[in-house]
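A.B. asks: Sequence unavailable; structure follows:
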């Protein structure tokens, strides 16, 4: 037992030193929040992608010179891409989503949208397939809040459209 102590200490130190690098690989997941704002009567949508994933994605989608960190052109292109791959429907009709903007906070790339809440909204169908044509393992989670209890939808490559009722 006495001889194994240096080995255990070295193993623990090695694991601690390697831990930050284990988070550097692509996560292949995104989180979207759909919030109902009672003050404005708008539905506000916030998409959150890891910058590391977005860096790899834009090079695949827009070419090897695409730069999500340093190029506003690439940031706008990625925002447009996300806007095209997220849709909401009610009573079989698509809601018109307005692109509000985007931002890079260093760790995450955010894309913002909004729409007016229909007056008699009973259900909402959502499609969210951003990055799934690149990575079949991409999972997009959508949290819906502000209209009853929190509801969560999970979009993997096998799910095209999900519906929630209120």
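C.D. replies: Alright, I've got the coordinates. Predicted, not measured: the structure shown is a model, and the values here were computed from it. Numbers count the residues shown, from 1 in each chain.
A.B. asks: Quick check: which element contains the closest residue to residue 145 other than its chain neighbours?
C.D. replies: Leaving aside its sequence neighbours, residue 145 sits nearest to residue 35 (C-beta to C-beta, 6 or more residues apart in numbering; 5.4 Å). All C-beta atoms are positioned from the backbone trio N, CA, C, and that covers glycine. According to DSSP states H and E, residue 35 maps onto strand 29-37.
A.B. asks: Wasn't residue 125 part of a helix?
C.D. replies: No. Looking at residue 125 with DSSP: H, G, I helix; E, B strand; the rest coil, it is strand, so not inside a helix.
A.B. asks: Might one say that it is in contact with residue 91?
C.D. replies: No. Using C-beta atoms under 8 Å, residue 125 is not in contact with residue 91; the gap is 9.3 Å.
A.B. asks: which one of those two has more residues nearby?
C.D. replies: More crowded of residue 125 and residue 91, by other C-beta atoms under 10 Å: residue 125, with 17 against 11.
A.B. asks: picking that back up, check contacts around the residue nearest to residue 145.
C.D. replies: 43-46, 145-146 (C-beta atoms under 8 Å, 6 or more residues apart in numbering).
A.B. asks: do the same with residue 42
C.D. replies: Residue 42 neighbours (C-beta under 8 Å, 6+ apart): 114-117.
A.B. asks: what about it, distance to residue 101?
C.D. replies: 14 Å (C-beta to C-beta, to the nearest Å).
A.B. asks: Listing request: residues of the chain with sub-threshold pLDDT.
C.D. replies: Counting by pLDDT under 70, the ranges of the chain that qualify are 1-26.
A.B. asks: now the helices for it?
C.D. replies: 5-22, 51-62, 72-84 (DSSP state H).
A.B. asks: Which neighbouring elements make contact with the last one?
C.D. replies: When you say that, I think you mean helix 72-84. helix 51-62, strand 98-104, strand 108-116 (3 or more C-beta pairs under 8 Å, 6 or more residues apart in numbering; DSSP states H and E).
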